[in-house]
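Trainee: Sharing a model that was predicted from the sequence below.
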Amino acid sequence: MALLRNLHRFISISKIQPPVKPSILKNSSRISFARTASTTQPLQEKNEEVKVTFIRASGERIEAKGKIGDTLLDIVVNNEIDLDGYGACEGTLTCSTCHLIFPKAVYDKLPDKPTDEENDMLDLASGLTDTSRLGCQIVLTSNLDGLEVKVPPTLYDARS
């Protein structure tokens, strides 16, 4: 799922140079060839796993692993973690059911800040805090290994 959502990051459009016309060669003593370079980023190593602990409001700790490039929502889905109603919109940023609460130090170091669309959904989330984010928007990196996030007591589907 994360791969599809982030596919736009890995696609580049390359321009193909038209062939040189023979009439141009007559008047040119030097021919230069355009060199095209890929502007895509190399694919990340998908074998590296990151450990994440989800902490329910009851204090129950659920440990799971995900791969670099997955989202926190992917971890819940791929590990079949029972968080009732979590990720109802399947990561399309149209609900707030994957609302998670991060420790302040981790929240401040997340590479991407919330978008306006994410903030709009968070405004509808139950138990909103200053360090709330939507799990579908947090992409795992090696820096997040060992992450502990709190699951709010109530998950509210903003589509309702």
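Mentor: That came through fine. Numbering: from 1, shown residues only.
Trainee: Just checking: what are the partner strands of whatever helix or strand residue 62 lives in?
Mentor: Assigned by DSSP states H and E, residue 62 falls within strand 61-67. Looking at strand 61-67 with DSSP bridges, its partner strands are strand 49-55 (antiparallel).
Trainee: Give me the contact list for the strand it pairs with.
Mentor: Contact with strand 49-55 is made by 61-68, 72, 75-76, 81, 83, 100, 140-142, 144-151, as judged by CB atoms under 8 Å, 6 or more residues apart in numbering. C-beta coordinates here come from the backbone N, C-alpha and C atoms, glycine included.
Trainee: can you tell me how far residue 79 sits from residue 70?
Mentor: Residue 79 sits 10 Å away from residue 70, going by CB to CB, to the nearest Å.
Trainee: Looking only at neighbour counts, state which of the two leads.
Mentor: residue 70 (22 against 15; other CB atoms under 10 Å).
Trainee: correct me, but the more buried one touches residue 77?
Mentor: No. Using CB atoms under 8 Å, residue 70 is not in contact with residue 77, being 9.4 Å away.
Trainee: In terms of pLDDT, where does residue 7 sit?
Mentor: pLDDT, residue 7: 39.
Trainee: Can you find the helix or strand of the protein with the lowest average pLDDT?
Mentor: In the chain, the helix or strand scored least confidently by mean pLDDT, DSSP states H and E is helix 2-5, which has a mean of 42.
Trainee: can you tell me which residues contact residue 101?
Mentor: Counted by CB under 8 Å, 6+ apart, residue 101 has contacts 127, 129, 131, 132, 149, 150, 151, 152.
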